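> need a 3D model of the sequence below.
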Amino acid sequence: PSPHATTLKRVRRLSHLLDNAIPLPGGYRIGLDPIIGLLPGGGDLVTGLMSVYIVVEGVRLGMPASTLGRMGTNILLEVILGTIPLFGDLFDVAWKANVKNAALLERHLGSPRPPSLVDRLLGGLIIAALVALVVGVSVLIIELVRWVLGWGV
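This is a model prediction of the structure:
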């Protein structure tokens, strides 16, 4: 087996759990991401950080910065649009950022190239930006819920 087989298996399992684990009537599948994401602030924080893990593995496996940027964009869209009531929940169900990112990682492993220093540096910046985004959006949602409910005002 490939030296990266264990990592790829772990990423596939996580992306399946987050995006496709639960079969619905009609053949469509959803994962835990949109369900956990229903918890204001905290749910998006948990699933967002789990999504960032796939990007971390991409950096570790030497993916080019351009592909890591696409992975980051997939997460960015899911996190930002996922905060919009009702539409965001439907978007989370349909977008499946984790499955998309696992496919990008798998495609890279099919024809890897050595990462440059720029790829590594930009990969680290992408991860830092994604973590800041996920945490920042979660804090804003939690504060908004507290304000709406009149807690801590």
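> who are the packing partners of the helix or strand hosting residue 122?
Assessed by DSSP states H and E, residue 122 sits inside helix 117-149. Contacts defined by 3 or more Cβ pairs under 8 Å, 6 or more residues apart in numbering; DSSP states H and E place helix 117-149 against helix 42-60, helix 65-81. Using the backbone N, CA and C atoms, a C-beta is placed for each residue, glycine as well.
> what angle sits between it and helix 65-81?
0 degrees (axes from the mean of the first three to the mean of the last three Cα atoms, to 10 degrees).
> quick check: buried residues in helix 117-149?
For helix 117-149, a neighbour-count test (16 or more other Cβ atoms under 10 Å) marks 119, 122, 123, 126, 127, 130, 133, 134, 137, 138, 141 as buried.
> export the helices and strands packed on helix 117-149 to a markdown table and append columns for distance to residue 97.
Shown next, in a markdown table, are the helices and strands packed on helix 117-149 (distance: least, Cβ to Cβ, whole Å):
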| stretch | distance to residue 97 |
| --- | --- |
| helix 42-60 | 6 |
| helix 65-81 | 4 |
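> how far is the helix holding residue 122 from where the chain is centred?
Between the centre of helix 117-149 and the centre of its chain there are 11 Å (Cα atoms, centre = their mean, to the nearest Å).
> what's the angle from that helix to helix 42-60?
Orientation of helix 117-149 against helix 42-60 (the same axes, to 10 degrees) gives an angle of 180 degrees.
> residue 39 in helix, strand or coil?
Secondary structure state of residue 39, per DSSP: H, G, I helix; E, B strand; the rest coil, is coil.
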